[in-house]
Structure formats: structure tokens, C-alpha cells
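> Predicted model and sequence follow; I will ask about them next.
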Amino acid sequence: MLACFSFRLDQRLRRKHPVLASFVRRLSLVLTGAEIHPDARIGPGLKLAHTMGTVVGAGTTMGSEVTIYQGVTLGAARLGEGLAGRESYPVVGDRVTIYAGAMVLGGVSVGEDAIIGGNAVVLDDVPPDSVAVGIPARVLPRGDACTVGSGG
């Protein structure tokens, strides 16, 4: 809760009071362990269940009611040489849950009501109402997620 409050306060302060905004951002990092870039676009209702080690990159966009657990990274991925090293960031839909240690990297889209499993590395789009698990992440429909590893 403190990390989300600090992020919103930082966004309000940065134009008129950039030094104070920087102080708020750094204090929040020390107190919460979460690094949320002020240029990220975050909808209402973000829940950071455990903040330690959470990183949200500058161009990340999140919808409403997103839940993020500890150690999650939402960040840029460098694109190929032909694109002059441009960076792209994830777009996360409404009501997405991202479990501990997961990484969502690059210009991927995570659809509404999707789940990103713990320690998954998401490099491709995740459709709505699905589950992404593994390294690199593979996408499963919600009903099939319970049968992973059951041998059948």
C-alpha cells in the first residue's frame, strides 16, 4: 500500500517539486523494496501483495485491479539491431495476477483476467483468461492449468 501511495504522490509532485518527488521515490524504495518508475501508467486498485524486489519499468502500462507478488519484474527488452535499440514495455490488462519471481519483458500484452505463474518468464503475448507458466512461459487455457504435470 505504501509503494502505491508513494508512486501516486511522486507522480503528482514531479512537475512542480521534482526534488521532493525524487526524495519520495527513493524513500519508498528503501522502505518498501519496490521500484516503480514514475512514467509507468497504472490503473486504480493495484495490489502489491509483497513489495520486496518488485520492479515496474518506465513504459509499463497496467489496467485496474492488478495483483503483483514479490520479486516481479515488468520491464523493457531490447529489440533487434535493425530497430536501433528501441525499448518496449509490457501492457497488462485488468484483473491480472502476477505471482512471485515472474518476469514480463518487452512489448508483450497480458490480457484481462490472465494469471502469470511464479518464476515464469513471459516474452510473448498472453491472451485473456489464460495462464502463463514456465521458462520461457507457455500459455495454457485456465481449465488446463490444473492438469500440467499430471501425466495425462
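Perfect, I can see it now. Here the structure is a predicted model, which means the values were calculated and not measured.

> What's the local residue count around H17?
With neighbours defined by other C-beta atoms under 10 Å, the count for H17 comes to 12. To be clear about C-beta, it is placed using only N, CA and C from the backbone, and glycine gets the same treatment.

> Backbone torsions only: list them for it.
As for H17, its main-chain torsions (degrees, to the nearest 10) stand at phi -140, psi 70.

> Would you mind checking the average pLDDT for the lengthiest helix in the chain?
Across the chain, the helix with the greatest residue count (assigned by DSSP state H) is helix 18-32. Mean pLDDT, helix 18-32: 82.

> elements contacting it?
The elements that helix 18-32 packs onto, with contact taken as 3 or more C-beta pairs under 8 Å, 6 or more residues apart in numbering; DSSP states H and E, are helix 2-13.

> what does the helix it packs on rub up against?
Contacts to helix 2-13, defined as C-beta atoms under 8 Å, 6 or more residues apart in numbering, come from residues 20-21, 24-25, 27-28, 31-32, 34, 36, 38, 40, 42, 46, 48, 51, 54.

> where does this structure dip in pLDDT?
Residue ranges of the chain with pLDDT under 70: 78-87, 143-152.

> In this structure S130 contacts R142, no?
Yes. With contact defined as C-beta atoms under 8 Å, S130 counts as touching R142 (6.2 Å).

> When the two are compared, which one has more neighbours?
Per other C-beta under 10 Å, whichever of S130 and R142 has more neighbours is S130, with 20 against 13.

> got the contact list for the more buried one?
When contacts are taken as C-beta under 8 Å, 6+ apart, S130 is in contact with 111, 114-115, 139-142.

> Now, of the residues you listed, which are buried?
Neighbour-count burial (16 or more other C-beta atoms under 10 Å) applied to the contacts of S130 gives 111, 114-115, 139-140.

> taking the residues you listed as a set, which two sit the farthest apart in space?
Taking C-beta to C-beta as the measure, the buried ones among the contacts of S130 reach their widest spread between G111 and L140, a distance of 13.2 Å.

> in terms of contact, does E35 touch G57 like I think?
No. Using C-beta under 8 Å as the test, E35 is too far from G57 to be in contact (9.0 Å).

> Show me which of the two is the more surrounded one.
Counted by other C-beta under 10 Å, E35 and G57 do not tie: G57 has more neighbours, with 21 against 18.
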